[in-house]
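Student: The following comprises the amino acid sequence and a computationally predicted model.
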Amino acid sequence: MSTTQQHEQHDDVENDAQEPDLPDGGGQSADDIPAGMYDAQGIEGSEQIGTADTGTDQVIVDLELVDLKRQVSTILPFTEAAMPYSLKRLRALGWEGGDSFAGIGKNLVKVVVKYETYNGKRRMKVDIFTGQGRIVMKNTMNDAERRGFFARLNEFAKREGSGEVNRAAATGARGYPKDWDKGGPPAARPPRVNLG
C-alpha cells in the first residue's frame, strides 16, 4: 500500500534571525534543554516584531516549556512562502487576529526542540508542531477489507501466542527445514575405482 506524507515546511523557508549560539563540539552544557518534543504555551507580551538583515518580516515569541519550567524562543518568518506556516503556528498558540498578539498564551501546544550547526555555530531551534507532519494513507481499506485484516491479525496473534509462529519460522512455512533449498556440502559418496 502506498502512502503520501504531508510535511511541515518550516525548515524550507527563510529564517535569518540571530539565534543564540551554544558551545561548539556538539556537547550539551548543564543548561541546555535536551532535544525532543515538549508541551508549551506562548508567553503573552514576549513578542518581538522586526525585520531580518535580508528584509524579511519576522516575529520572535517566547514559549514556556510547561514540564521543565524553562523558556525558549521560536522565530516565525513572514515571507510569502513562510506566511501560511507561521500563521498556523500563531493560531495554534491561540491568536485569533487583530493588531496585537493577544491570546498567544491561551493554548497548550507541542514544540520540537532540536540543535543544528550553522556557520560553525551550534544553535537551538524550536518549532511549534501543528500536526501537518502526519502521514496520510493513500489507499484506505473499506469495511469488508478492515474486517478481513483484523481476522488475519487476530489469527496471527493467536498463533504467535501459542508458539506456532516461532516453530513455523524455524522450519519454513510448509514444514520443510529452513534451509532446504540452500546448497550445502555434497553427501559423502564412495570413491570411484577405475578398474580398467
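Tutor: Done, it's in. Remember, it's a predicted structure, so these values are computed and weren't measured experimentally.
Student: can you point me to the longest helix in this protein?
Tutor: Ranked by residue count, the top helix of the chain under DSSP state H comes out as helix 143-162.
Student: number of nearby residues for G55?
Tutor: 9 (other C-beta atoms under 10 Å). From N, CA and C alone the C-beta is placed, and that goes for glycine too.
Student: still on that earlier bit, show me what the longest helix of the chain is packed against.
Tutor: helix 164-171 (3 or more C-beta pairs under 8 Å, 6 or more residues apart in numbering; DSSP states H and E).
Student: Once you drop chain neighbours, what's closest to T130?
Tutor: K88 (4.6 Å; C-beta to C-beta, 6 or more residues apart in numbering).
Student: and that neighbour, helix, strand or coil?
Tutor: helix (DSSP: H, G, I helix; E, B strand; the rest coil).
Student: And V126, by the same measure?
Tutor: State at V126, reduced to three classes by three-state DSSP: strand.
Student: Is it correct that it is in contact with L63?
Tutor: Yes - with contact defined as C-beta atoms under 8 Å, V126 counts as touching L63 (6.7 Å).
Student: Give the residues shared as contacts by these two.
Tutor: Common neighbours of V126 and L63, using C-beta atoms under 8 Å, 6 or more residues apart in numbering, are 72-74, 111.
Student: In strands only, show me the residues you listed.
Tutor: Under the assignment DSSP state E, the shared contacts of V126 and L63 contribute 72-74, 111 to strands.
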